[in-house]
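Trainee: A structural model of the following input is requested.
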Amino acid sequence: MSVHLQARGPLAPDLVWTRYVRFDRWPTWSPQIRRVEVAADELAPGVRGVVRGPLGLAVDFSVDEVDHDARTWSWTVSPVGPVRLPGVRLQLHHAVVARPAGGSLTTLDVTGPTAVVVAYAPVALLALRRLVGG
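Mentor: Below you'll find the predicted structure:
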């Protein structure tokens, strides 16, 4: 299943992009992220790590693509830790776009098993709204 999410907000696209690019910024806008364990400081293709969430939830991730000029990036995540779901993977594609009247629009396309996508979508939408300052 695939779902398309989007959020609009007052923050400038360059600032929103920086909040995506820097792993240390993720917990500041994404309530489901407590910390990111990764050797890199910023998004780059091939970077791998673990996102830690509440209640011991964790996902392994691999950054697939990053286009700084277009402000897009994609990654693949798989649950690990106490909640193991063998074979479950989500593919996520993010974009940040300048709005004509100012501010930003951010989009997220999530593809994966229906139950996981449906459960993740509301939390992801909340994070997107916080990302753009909405």
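
Trainee: surely residue 54 touches residue 32?
Mentor: Yes. Contact criterion CB atoms under 8 Å: residue 54 and residue 32 qualify, at 7.1 Å. Quick note: C-beta positions are derived from backbone N, CA and C, even for glycine.

Trainee: more neighbours: which of those two?
Mentor: A count of neighbours by other CB atoms under 10 Å puts residue 32 above the other of residue 54 and residue 32, at 17 against 9.

Trainee: just the element for the more buried one, please.
Mentor: Under the assignment given by DSSP states H and E, residue 32 is not contained in any helix or strand.

Trainee: wait, what's in contact with it?
Mentor: Under the criterion of CB atoms under 8 Å, 6 or more residues apart in numbering, the neighbours of residue 32 are 53, 54, 57, 123, 127.

Trainee: show me these that map onto strands.
Mentor: Taking DSSP state E as the definition of strands, the contacts of residue 32 contribute nothing to them.

Trainee: buried subset of these, written for PyMOL?
Mentor: Selection command for PyMOL covering only the buried members of the contacts of residue 32, criterion 16 or more other CB atoms under 10 Å:
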select buried, resi 53+127
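
Trainee: point out the least confident member of the contacts of residue 32, please.
Mentor: Scanning the contacts of residue 32 for pLDDT, the smallest score is found at residue 57, 86.

Trainee: would you check how far apart it and residue 35 are?
Mentor: 12 Å (CB to CB, to the nearest Å).

Trainee: in the chain, which helix or strand is least confident?
Mentor: Taking mean pLDDT, DSSP states H and E as the measure, the chain has strand 72-80 as its least confident helix or strand, at a mean of 93.

Trainee: just checking: what are the partner strands of that strand?
Mentor: strand 58-67 (antiparallel), strand 90-98 (antiparallel) (DSSP bridges).
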